[in-house]
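**Student:** What follows is a protein structure lacking sequence information:
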């Protein structure tokens, strides 16, 4: 093990499992012993994603780092900037870390701070309909001295260049990646807790945090018209669990709607689905869609984020305009009723996932970006 690993600081609003957090863990594991990581969560108790860091990787929770929450007063910004000085690279994530980005921009030259790369993965429920102008202005100013801005979707790339006025050379779009080979195996029927796939059943499935932006009651309503033996399996945890159950009870289909909870390893369960659905009001580059593609599934979704360009040409006909619930229902019914079509679309999706969205491709692009920010030929 190297005696002088690169010192990398990660600044998150939360480090509980989610898209950006799990990608961060993927990269930490891929970088191996050549890097030592300090992970800061604005909510100190929200560190569950760290459980997935592999044994032998050097990391610690940055419990002594100044709070990422609060008013951006000069005193607080100086404290944030000063706390970055002991690292070789600073990585910040989403708007929750933007005060630290501003602190870096203001004091990078004076304090000779390391390079900073910022990552944007999407928006909360309060910016689903429209972006907040105050946050747009804040990003424009705060990102002034960032070495790079990484986005995961075409939509975010357009926002970064247009709304946030970031120069083309600073913005890098790197799609999220997964270990596509892991999704080739057929899972065990009892791979999910509290629900077993019975012989003859067909499963409409999704992987999602049970949050309002995912609009999972919409998925329950869309599923209600599918005949037996279809079952709806919504894997994930979150505050919308009761709202989902209430919608299923209202439609008298609660016996066919299953909420098994959080899935630690999607590769071990996604292959149980016969059809995949996304019902979100807002997305950027949903990794669950890539997981479904890698498992050889057809996907039905509203036209949100990058879903259309992510999918194979054969699948794009089954994406409904955003807000068109009737179209969403019709696409589900059409694919649910045609096993040969589901199979053909799923095969095309899997081929595309292997070619474009494998983890190795993503890791290589991040290695090159981080190395360039640090003026190095390799990373770590």
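**Tutor:** Sure, I can see it. Every value quoted in this text rests on a predicted model; they were computed, and no experiment measured them.
**Student:** all contacts plus neighbour counts: C-alpha atoms, from now on.
**Tutor:** Noted.
**Student:** Report the secondary structure state of residue 197.
**Tutor:** Three-state call for residue 197 (DSSP: H, G, I helix; E, B strand; the rest coil): coil.
**Student:** same check, this time on the one 3 residues further on
**Tutor:** Three states are possible here, and by three-state DSSP the one that applies to residue 200 is coil.
**Student:** Tell me, how many residues neighbour the nearest residue to it once chain neighbours are set aside?
**Tutor:** Distance criterion Cα to Cα, 6 or more residues apart in numbering; nearest residue to residue 200, sequence neighbours excluded, is residue 229 at 7.0 Å. Using other Cα atoms under 10 Å, residue 229 is surrounded by 12 other residues.
**Student:** which helices and strands does the top helix by length along the chain pack with?
**Tutor:** Using DSSP state H to define each element, the chain has its longest helix at helix 339-356. With contacts taken as 3 or more Cα pairs under 8 Å, 6 or more residues apart in numbering; DSSP states H and E, helix 339-356 sits against helix 287-294, helix 325-336.
**Student:** How far does the helix or strand following the shortest one sit from its chain's centre?
**Tutor:** Secondary structure here is assigned by DSSP states H and E; on that basis, the next helix or strand after helix 287-294 toward the C-terminus is strand 299-302. With Cα atoms, centre = their mean, to the nearest Å as the basis, the distance from the averaged C-alpha position of strand 299-302 to the chain average is 17 Å.
**Student:** and after strand 299-302, which helix or strand comes next?
**Tutor:** helix 307-310.
**Student:** I'd like the distance from that following helix to the chain centre, please.
**Tutor:** The answer for helix 307-310 is 15 Å, by Cα atoms, centre = their mean.
**Student:** Could you list every helix and strand in contact with it?
**Tutor:** Contact partners of helix 307-310 among helices and strands, from 3+ Cα pairs under 8 Å, 6+ apart: none.
**Student:** What's the mean pLDDT across the helix or strand following that helix?
**Tutor:** Downstream of helix 307-310, the first helix or strand assigned by DSSP H and E is strand 319-320. For strand 319-320, mean pLDDT rounds to 98.
**Student:** same deal with stretch 364-371?
**Tutor:** Stretch 364-371 comes out at a mean pLDDT of 97.
**Student:** go on, stretch 52-66?
**Tutor:** For stretch 52-66, mean pLDDT is 97.
**Student:** Checking my notes, residue 11 in a strand, right?
**Tutor:** Yes: checked against three-state DSSP, residue 11 lies within a strand.
**Student:** Around it, count how many other residues there are.
**Tutor:** Residue 11 has 25 neighbours, counted by other Cα under 10 Å.
**Student:** follow-up on the earlier one: assess the claim that the residue nearest to residue 200 and residue 199 are in contact.
**Tutor:** No: taking contacts as Cα atoms under 8 Å, residue 229 lies outside contact range of residue 199: 9.9 Å.
**Student:** Give the residues shared as contacts by these two.
**Tutor:** Common contact partners of residue 229 and residue 199 (Cα atoms under 8 Å, 6 or more residues apart in numbering): none.
**Student:** How about the secondary structure of the residue at the greatest distance from the centre of the chain?
**Tutor:** In terms of distance from the mean C-alpha position of the chain, residue 110 ranks first, at 35.0 Å (Cα atoms, centre = their mean). Secondary structure assignment for residue 110 (three-state DSSP): helix.
**Student:** what about the nearest residue to residue 251 once chain neighbours are set aside, neighbour count?
**Tutor:** In space, residue 251 comes closest to residue 224 once its chain neighbours are excluded; the distance is 7.0 Å by Cα to Cα, 6+ apart. A count of nearby residues for residue 224, using other Cα under 10 Å, gives 19.
**Student:** ok, now residue 17?
**Tutor:** 20.
**Student:** any idea how far residue 252 is from residue 72?
**Tutor:** Distance from residue 72 to residue 252, counting by Cα to Cα, to the nearest Å: 51 Å.
**Student:** who has more neighbours, those two?
**Tutor:** residue 72 (16 against 12).
**Student:** so that one makes contact with residue 100?
**Tutor:** No: with contact defined as Cα under 8 Å, residue 72 does not reach residue 100; the gap is 9.1 Å.
**Student:** quick one: contacts for residue 117?
**Tutor:** By Cα under 8 Å, 6+ apart, residue 117 lies in contact with 89, 90, 91, 92, 146, 147, 148, 149, 150, 370, 373.
**Student:** So which of these sit within strands?
**Tutor:** Among the contacts of residue 117, DSSP state E puts 89, 90, 91, 92, 148, 149, 150 in strands.
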